[in-house]
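A.B. asks: got a predicted model here, sequence first, then my questions.
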Amino acid sequence: MEPITTPEAATENMHTVIPIVGAMGIRILDAGPGHATVELPAGPNGNHFGVLYAGSLFTAAEVLGGIIPQASFDLQGELAGFVPLVKKAEISFLRPGLGDVRATATVAAEEIERVRQEALATGKSEFVVEAEITDAQGTVVATTRALNQLRKLG
């Protein structure tokens, strides 16, 4: 993905780079150093019994592991050639997802700096992204924990 500019431009870029995310209608609502929020619309993401499809909920949270590094690191300059990758992820489904939902995650500024320094020194660094997926009433419908890596390719 290109650097985060506006949420609309970042969303358009994400849909180009990961077309299935576009088909799911996931939109970036907010992204900045150490944080991101996306919205998953109910429309194309329903399942056979009227709630949000589990894989769509997972995807909404998983993309945060790519958005946060895009918004937190200079991937076009100092960290050019580095990409964020997911290594391991788990999700806990707490309640049925009904209607549009939002997935939100934050990574502390100290952790962002640690990852930056370690990646520059070794060519890679692991970090954890924990996300909450909430419905329109603010009820947490799922949580995720993903081990990600910022890694130099090539």
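C.D. replies: Here it is on my side, so go on.

A.B. asks: what sits up against the helix or strand containing Gln70?
C.D. replies: Following DSSP states H and E, one finds Gln70 within helix 64-72. The contact list for helix 64-72 (CB atoms under 8 Å, 6 or more residues apart in numbering) reads 1-4, 10, 14, 28, 31-36, 38, 75, 84, 86, 89, 103-105, 107, 112, 129, 131, 146, 148, 150. To be clear about C-beta, it is placed using only N, CA and C from the backbone, and glycine gets the same treatment.

A.B. asks: who's in contact with Pro44?
C.D. replies: 23-25.

A.B. asks: show me what contacts Glu39?
C.D. replies: For Glu39, counting by CB under 8 Å, 6+ apart, the contacting residues are 26-27, 29, 60, 100-102.

A.B. asks: ok, now Asp100?
C.D. replies: Contacts of Asp100 (CB under 8 Å, 6+ apart): 39-42, 135-136.

A.B. asks: mind listing what Met24 touches?
C.D. replies: Counted by CB under 8 Å, 6+ apart, Met24 has contacts 40, 44-45, 56, 59-60.

A.B. asks: tell me the pLDDT at the spatially most central residue of the chain?
C.D. replies: Most central in the chain under CA atoms, centre = their mean is Leu64, positioned 0.9 Å from the mean C-alpha point. Leu64 carries a pLDDT value of 98.

A.B. asks: next: Leu120.
C.D. replies: 98.

A.B. asks: CA-only coordinates of the one helix or strand it maps to in PDB, if you can.
C.D. replies: Per DSSP H and E: Leu120 is located in helix 109-122. Extracted C-alpha coordinates of helix 109-122, given in PDB (Å, rounded to 0.1, in the frame of the first residue of the first chain):
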ATOM      1  CA  ALA A 109       4.400   4.700  20.400                       C
ATOM      2  CA  GLU A 110       7.200   3.000  22.300                       C
ATOM      3  CA  GLU A 111       6.500  -0.300  20.500                       C
ATOM      4  CA  ILE A 112       6.500   1.500  17.100                       C
ATOM      5  CA  GLU A 113       9.900   2.900  17.900                       C
ATOM      6  CA  ARG A 114      11.200  -0.500  19.100                       C
ATOM      7  CA  VAL A 115      10.000  -2.100  15.900                       C
ATOM      8  CA  ARG A 116      11.600   0.700  13.800                       C
ATOM      9  CA  GLN A 117      15.000   0.400  15.500                       C
ATOM     10  CA  GLU A 118      15.000  -3.400  15.400                       C
ATOM     11  CA  ALA A 119      13.900  -3.600  11.800                       C
ATOM     12  CA  LEU A 120      16.700  -1.200  10.800                       C
ATOM     13  CA  ALA A 121      19.300  -3.100  12.800                       C
ATOM     14  CA  THR A 122      18.300  -6.700  11.800                       C
END
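
A.B. asks: cool, thanks, talk later.
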